[in-house]
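Enquirer: dropping the sequence and predicted coords here.
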Amino acid sequence: MKTDSSRREFLETLVRGAAGAAVGLPLIEPARALSAAGEMPYRTLGSTGEKVSLLGLGGFHLGIKTKSTVEESTRIIRTAIDNGINFMDNSWDYHGGESEVRMGQALRDGYRKKVFLMTKTDGLVKDVWNKQLEDCLRRLQTDVIDLVQFHEVNIPTDPDVIFGPGGALEAALAARKAGKIRYIGFTGHREPDILLRMLEAAAAHQFTFDSVQMPLNVMDVHYRSFAKKVVPVLVERGIAVLGMKSLGGGRIPKTNTVTPTECLQYTMNLKTSVVINGCESLKDLDQGLEAARSFKPMNEAEVAALLAKTAPVATAGQFEYYKTADYEKYRQFRSEWFMGSPPPKPG
């Protein structure tokens with residue numbers, strides 16, 4: 001059993017570790033973060049020149065039928081746009097396409113032209129990817145999607161397939177040439193090194209992604225950190241950084257170490273172009289809007305103090321389930337279904 005003295009020494013060690021973790025983090029320059037008080041800040045999306053809202057609206061939570069109705073999803077989307085959010089996130093696989101369907105309905109009546117629309121596809125090979133893109137265009141009720149990202153690049157072999165003969169990149173390049181999409185990116189949740197491998201594969205094929213989306217939050221820096229390993233590479237290459245899971249799927253605030261606003265503003269303080277926030281209600285949206293409007297850049301010491309709050313509970317990744325989950329079933333599903341074979345049977 002630890003004495004008070006040993007417990008204090010243990011906590012002091014964690015604090016010192018948090019201070020060290022903050023050193024070298026890719027923090028936003030204060031000049032880039034300036035905006036009028038109470039207004040939505042905008043940043044440039046990597047090297048594209050596109051201006052996007054600091055806060056983006058996540059699509060996953062919009063399709064949870066048990067938590068929000070179609071009408072409420074429309075209210076959330078349109079209220080977000082009316083309050084300055086112009087970056088819309090979605091994915092082909094969110095709730096069997098329901099999230100895209102709801103967003104497509106909400107973007108009627110002139111709202112589509114007000115937003116930068118992003119969605120994601122899971123297909124690793126050309127034929128599967130093409131089918132998914134057509135689904136996305138139909139559900140979102142649009143002729144062109146601004147940004148399409150290869151989703152969940154979580155398996156070490158994914159880059160080889162995507163960039164290989166008949167891989168999904170061939171389809172994406174053809175779709176871009178045809179005017180169906182404008183920019184190409186990818187996402188990853190599990191392992192920073194796999195994202196770096198994807199970037200290496202792109203460089204080997206003389207291709208540069210426009211964006212990369214990954215989990216960035218106050219827990220990340222303590223365990224297999226995307227902020228430490230991947231973000232600096234993206235910044236150096238002019239690739240847009242899209243932050244997600246700022247609240248860790250709602251798990252981080254439940255640790256009672258940091259507030260939701262601190263979670264969001266930490267990610268905003270990194271060199272992110274957009275911080276994507278999932279909203280199941282107008283209350284969630286208001287929370288995100290307030291965090292963006294009140295955001296002020298933090299220096300390294302302030303970041304270290306914030307990270308010290310989460311250090312005692314973050315070192316094993318226990319609140320970053322997407323990093324620690326058993327991926328064996330996912331690996332089988334990924335390799336079979338999204339390369340065109342029937343999905344594996346449950347169980």
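Expert: Nice, I can see it.
Enquirer: assign a three-state SS to the closest residue to Thr272 other than its chain neighbours, would you?
Expert: Closest residue to Thr272 in three dimensions, ignoring its sequence neighbours and counting by CB to CB, 6 or more residues apart in numbering: Gly243, at 4.3 Å. All C-beta spots, glycine's among them, are computed from the backbone N, C-alpha and C. What DSSP: H, G, I helix; E, B strand; the rest coil gives for Gly243 is strand.
Enquirer: give me the neighbour count for Gly243.
Expert: 28 (other CB atoms under 10 Å).
Enquirer: do the same with the one 10 residues further on
Expert: Using other CB under 10 Å, Pro253 is surrounded by 15 other residues.
Enquirer: how about the contacts made by it?
Expert: Leu247, Thr259, Pro260, Cys263 (CB atoms under 8 Å, 6 or more residues apart in numbering).
Enquirer: so which of those wins on neighbours?
Expert: Result: Cys263 is most packed of the contacts of Pro253 (other CB under 10 Å), 26 neighbours.
Enquirer: shouldn't that residue be in contact with Met244?
Expert: No - between Cys263 and Met244 there is no contact under CB atoms under 8 Å: 11.9 Å.
Enquirer: list the buried residues for stretch 53-71?
Expert: Using 16 or more other CB atoms under 10 Å as the test for burial, stretch 53-71 gives Ser53, Leu54, Leu55, Gly56, Leu57, Gly58, Gly59, Phe60, His61, Leu62, Gly63, Ser68.
Enquirer: and the contacts of Pro253, which is closest to Leu27?
Expert: Closest to Leu27 out of those is Cys263 (16.1 Å), distances taken as CB to CB.
Enquirer: what's the helix or strand for that closest one?
Expert: Assigned by DSSP states H and E, Cys263 falls within helix 260-269.
Enquirer: in CSV, could you pull the C-alpha coordinates for that helix?
Expert: The C-alpha atoms that make up helix 260-269 are tabulated as CSV, following Å, rounded to 0.1, in the frame of the first residue of the first chain:
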residue,chain,number,x,y,z
PRO,A,260,-15.4,18.8,-22.6
THR,A,261,-14.3,22.4,-23.5
GLU,A,262,-10.7,21.6,-22.4
CYS,A,263,-10.8,18.5,-24.6
LEU,A,264,-11.9,20.4,-27.6
GLN,A,265,-9.6,23.4,-27.1
TYR,A,266,-6.6,21.2,-26.6
THR,A,267,-7.2,19.7,-30.1
MET,A,268,-7.8,23.2,-31.5
ASN,A,269,-4.5,24.2,-30.1
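Enquirer: let me see the ranges of the helices in this protein.
Expert: 4-22, 70-82, 98-106, 126-140, 158-163, 168-177, 192-204, 226-229, 231-237, 260-269, 282-293, 300-314, 321-324, 328-337 (DSSP state H).
Enquirer: dead centre of this protein: give me the residue that sits there.
Expert: Nearest to the mean C-alpha position of the chain, by CA atoms, centre = their mean, lies Met244 at 3.2 Å.
Enquirer: pLDDT at it, what is it?
Expert: At Met244, the model reports a pLDDT of 98.
Enquirer: what distance do you get for Gln206 to Ser47?
Expert: Gln206 is 16 Å from Ser47, where distance means CB to CB, to the nearest Å.
Enquirer: neighbour-wise, which of those two wins?
Expert: Ser47 (13 against 6).
Enquirer: hmm, that one is touching Val235, no?
Expert: No - using CB under 8 Å, Ser47 is not in contact with Val235; the gap is 10.9 Å.
Enquirer: spit out the contact partners of the closest residue to Ser246 other than its chain neighbours.
Expert: The spatially closest residue to Ser246, leaving aside those adjacent along the chain, is Thr267, at 4.3 Å (CB to CB, 6+ apart). By CB under 8 Å, 6+ apart, the residues touching Thr267 are Leu216, Asn217, Gly243, Ser246, Val275.
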